[in-house]
Every structure is written in structure tokens, then in C-alpha cells.
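Undergrad: Sequence plus predicted model, see below.
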Amino acid sequence: MRRIGVFGGTFDPVHWGHLLAAETAFSQLSLDKVIWLPTCDPPYKQAAGQFKERLEMVRLAIAERPGFSTLPIDNLSTTDAIDAAIALPNLYTNTHWYWILGIDAFMTLPRWRKRHELVSVYEWVVVPRTTNSQIPQQVVQQLNDLRWQILPMPIVQISSSLIRQYCRDRCSIRHLVPQSVGDYIERHNLYSA
Ligand SMILES: Nc1ncnc2c1ncn2[C@@H]1O[C@H](COP(=O)(O)OP(=O)(O)OP(=O)(O)O)[C@@H](O)[C@H]1O
Ligand SMILES: O=C(O)c1ccc[n+]([C@@H]2O[C@H](COP(=O)([O-])O)[C@@H](O)[C@H]2O)c1
């Protein structure tokens, strides 16, 4: 049976914290593939970068990593990420599905749209973002038959908001994002105002 991880996010922009989470899941769970799933229109936050820019930065960041890909469809910008995630098992049969996400996103899962459909398909791989990343029982208890595990990974306290702040303050983001992503941000003058 194949093992595929889906990694959803706004990726505004993608950074090394995302890449380490995906890489750690790929290697520790012996995944065949990680499918990155950028959200066009995030439900609870306003993206600063346009979808096509965020998608392009993800593509640059994963370009040299066999096993990492974006969703294998053309019309990503008009497809709702959650609907796409629910439809994915039709594209790849005989697969064990994992959803990779940070603990902050996992805590909001009981409020996600279509959560029950997602929970029936995916096993949840929760990435710690702070040293005391405990999962409150009430989060887990709100969803029946939730299958989940914590991914042991060094804490990386990089966030896209921190990177946008650094860009606004004209601080260096070198070593916070892959060089190809840093070059793209500079070339397109993203996040500066
Ligand atoms: N440093 C990190 N370590 C582990 N997981 C992360 C890290 N940064 C983001 N994630 C997870 O990656 C997924 C996508 O995150 P997202 O694109 O919203 O990035 P973010 O850094 O949290 O963004 P922002 O600061 O704008 O809220 C979420 O599940 C989030 O929890
Ligand atoms: O659909 C929802 O209601 C929903 C609410 C919050 C987060 N999500 C998903 O959680 C993932 C991380 O989201 P974010 O906003 O932290 O980038 C991403 O794949 C979103 O589609 C989804």
C-alpha cells in the first residue's frame, strides 16, 4: 500500500519550518510522496501574497526534492483546497493518507469545514511548534474516530508572519527561506510595504 502525506497551508511565504516538517514526515513515516496543497483563499486569514506567487514559491522550494509535489491538477487557483483533499483518494487508490499540520492548525480542526469527511480519510500528523506542545484532550474528543500522532521534530520557530515582518523592516531573511524563495521575494518586491 502506498503512503502519501498532504501538507496544506497558506505558504505566505513557504519557509524552512514547512520544509523540515514535510521532510521529517517523509522520512519518519516512510512516505512515498508529500503533496503540498496551498490554499487559494484561506478561511480565517487574509493572505498578503497572491495565490500564484505563493504557489510559485512552493514550487521553487520543492523543485529539487523528488517525492515532493503540488497537487497534480492544472486549475489549482479555482479549486478549494479542502475539496481537493477530499477528492485526492480518487486519484490514488490503495493508499494510506496522512495530513501533516502544525499543532496550531490541529487545534482548529474541530472547526474546519468538512472536517468529518477529512477525518475519515486522513491520519493527522501533528508537528510541534513550541516546546510545550501538548494536545488538549478536548480537541481530540470533539472528533470521532480521529487518528493522529505527534511527529518528533526539532522545534523551528520560523513563521511566515515573521518573514513578512522582516521584509517590511528590511531585515535579512537569508537562512529563513530557501535561496530560490528569497530571490523570488526580492525580484517581485513582495512583503515590503
Ligand atoms: N515552523 C513551523 N514548524 C512546524 N509547522 C509549521 C511551521 N510553520 C508553519 N507550520 C505549519 O504549516 C502549515 C501551514 O502553515 P502556514 O502556511 O499558515 O504558515 P505559518 O508560518 O503558520 O503562517 P503565518 O505566520 O502567516 O500564520 C500549518 O499546519 C502550520 O501549523
Ligand atoms: O477549511 C477550514 O475551515 C480550515 C480552517 C483552518 C485551516 N484549514 C486548513 O489548515 C491548513 C493550514 O492552514 P493555515 O491557515 O494555517 O495556512 C490548510 O490546509 C487549510 O486548508 C482549513
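TA: Done, it's in. Ligands and ions are numbered 1, 2, ... in the order given.
Undergrad: For this structure, what lies in contact range of ligand 1?
TA: Contact residues (C-beta under 6 Å from any ligand atom) of the chain with ligand 1: 9-12, 17-18, 21, 101-102, 104-105, 127, 129, 156, 158-161. Every residue, glycine included, has its C-beta placed from N, CA and C.
Undergrad: Can you tell me what sits against stretch 175-191?
TA: With contact meaning C-beta atoms under 8 Å, 6 or more residues apart in numbering, stretch 175-191 is reached by 13-16, 19, 48-49, 53, 56-57, 60-61, 63, 158, 162-164, 166-168, 173-174.
Undergrad: Generate a ChimeraX selection restricted to the buried subset of those.
TA: In ChimeraX, this line selects whichever of the contacts of stretch 175-191 come out buried by 16 or more other C-beta atoms under 10 Å:
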select :13,14,15,16,19,48,49,53,56,57,60,61,158,163,164,166,167,173
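Undergrad: re the thing from before, which among the residues of the chain next to ligand 1 end up buried?
TA: Looks like the residues of the chain next to ligand 1 have 9-12, 17-18, 21, 101-102, 105, 127, 129, 156, 158-160 buried, using 16+ other C-beta under 10 Å.
Undergrad: Take those residues and keep only those in helices.
TA: Of the positions in these, 17-18, 21, 105, 160 sit in helices, assigned by DSSP state H.
Undergrad: Pick out whichever of those residues sits closest to Cys40.
TA: Among those, Ser160 lies closest to Cys40 (C-beta to C-beta), at 15.6 Å.
Undergrad: Tell me how many other residues surround Met107.
TA: 15 (other C-beta atoms under 10 Å).
Undergrad: same check, this time on the one 3 residues further on
TA: Using other C-beta under 10 Å, Pro110 has 15 neighbouring residues.
Undergrad: which is the next helix or strand following the helix or strand of the chain with the lowest mean pLDDT?
TA: Lowest on mean pLDDT, DSSP states H and E among the helices and strands of the chain sits helix 137-141, with a mean of 86. Using DSSP states H and E, the helix or strand that follows helix 137-141 towards the C-terminus is strand 148-150.
Undergrad: Run through the neighbouring helices and strands of that following strand.
TA: strand 122-127 (3 or more C-beta pairs under 8 Å, 6 or more residues apart in numbering; DSSP states H and E).
Undergrad: Need the max-distance pair from the buried ones among the residues of the chain next to ligand 1.
TA: Maximum pairwise distance among those (C-beta to C-beta): 17.7 Å, between Asp12 and Val127.
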